[in-house]
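Engineer: Sequence first, then the predicted structure, then my questions.
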Amino acid sequence: MTDLPEALAAKAHATAALLREAAALGETALASSLSAEDMVLTDLIVRESVPISVFTLETGRLAPETVGMIDKITEHWGIPVDVYRPDPDAVAAYVADHGRDAFYESVDLRKACCGIRKVAPLKRALAGKAAWITGQRRGQGVTRTELAVREHDAAHDLEKFNPLADWTWEDVLAYVAARAVPINPLHARGYPSIGCDPCTRAIRPGEDPRAGRWWWEQSDSKECGLHVSELPKTTLIGAAS
């Protein structure tokens, strides 16, 4: 990894070691949000030949630029991406009961939508896995400042690794530039954090990195339910899908 600055090379080496630690537990997968962080992890997985698969949650409300990254991964690295989608009956029931964009009305309705479109598909994606990898970083917002590099995920009863926990956004961009890693074009338009299209906006200079996610809510509620120790009831809608 001599093409990276020394400090960043050290972080990349430590991240690769964590990826190997996770893979040694058994079947392991990277949950890719198709963001720059997950592209860095994908590059390290392939470069270091770590036996970790990649999956993504195609919620049905992602921006075209984000969906386009699925094919980019296969084109650039030559690996498949497993795509998990929400149960269409659960989506239809939510829309019939509340309206397609009811998530703007309350935190509970927003989390119920996330439960159908993200949490339930994640449960299926993680079934039978020994561990999963995320691209979370401590610098991403107030809800992640105490993020551990490894933790037990009681909600799914497996180990969870956050190998980029101590990386900064500048580290991510430096790695991307040094390794010519393809990233979501929305990042260049002011989107450091990317989720579903109607729930994500560009941020203004000086704003918290996750200020563009569910911007109509208070900052301490800005999680979708994927990263919890136990599944709350609102995320169990459609969980049987």
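Structural biologist: In hand now; what should we look at?
Engineer: in what helix or strand does residue 156 lie?
Structural biologist: Using DSSP states H and E, residue 156 sits in no helix or strand.
Engineer: Okay, residue 102 and residue 197: tell me how far apart.
Structural biologist: 16 Å (CB to CB, to the nearest Å). No exception for glycine: its C-beta is placed from N, CA and C like everyone else's.
Engineer: Revised request: answer the last question for residue 163.
Structural biologist: Residue 163 is 28 Å from residue 197, by CB to CB.
Engineer: for residue 44, same thing?
Structural biologist: Taking CB to CB, one finds residue 44 at 28 Å from residue 197.
Engineer: Counting neighbours, go ahead and name the busier of the two.
Structural biologist: Higher neighbour count among residue 44 and residue 197: residue 44, with 24 against 16, using other CB atoms under 10 Å.
Engineer: helices or strands next to the helix or strand encompassing the more buried one in the packing?
Structural biologist: Using DSSP H and E, the element containing residue 44 is helix 36-47. Counting contacts by 3 or more CB pairs under 8 Å, 6 or more residues apart in numbering; DSSP states H and E, helix 36-47 packs against helix 6-23, strand 28-32, helix 64-77, helix 169-179.
Engineer: most tightly surrounded among those?
Structural biologist: strand 28-32 (a mean of 23; mean count of other CB atoms under 10 Å).
Engineer: helices or strands next to that one in the packing?
Structural biologist: Strand 28-32 packs on helix 36-47, strand 53-57, helix 120-126, strand 131-133, going by 3+ CB pairs under 8 Å, 6+ apart.
Engineer: for the second one, packing partners?
Structural biologist: Packed against strand 53-57 by the contact rule (3+ CB pairs under 8 Å, 6+ apart) you find strand 28-32, strand 82-84, helix 120-126.
Engineer: residue nearest the centroid of the chain?
Structural biologist: Of all residues in the chain, the one closest to the mean position by CA atoms, centre = their mean is residue 33, 3.6 Å from it.
Engineer: was I right about residue 42 contacting residue 74?
Structural biologist: No. With contacts counted by CB atoms under 8 Å, residue 42 stays clear of residue 74, the gap being 10.6 Å.
Engineer: Next, the buried residues of the lowest-mean-pLDDT helix or strand in the chain.
Structural biologist: Least confident helix or strand of the chain, by mean pLDDT, DSSP states H and E, is helix 107-114 with a mean of 93. For helix 107-114, a neighbour-count test (16 or more other CB atoms under 10 Å) marks 109, 110, 111, 112, 113, 114 as buried.
Engineer: would you list these in JSON lines and tack on distance to residue 214?
Structural biologist: JSON lines is the format used below for those (distance: CB to CB, whole Å):
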{"residue": "109", "distance to residue 214": "12"}
{"residue": "110", "distance to residue 214": "6"}
{"residue": "111", "distance to residue 214": "10"}
{"residue": "112", "distance to residue 214": "13"}
{"residue": "113", "distance to residue 214": "11"}
{"residue": "114", "distance to residue 214": "9"}
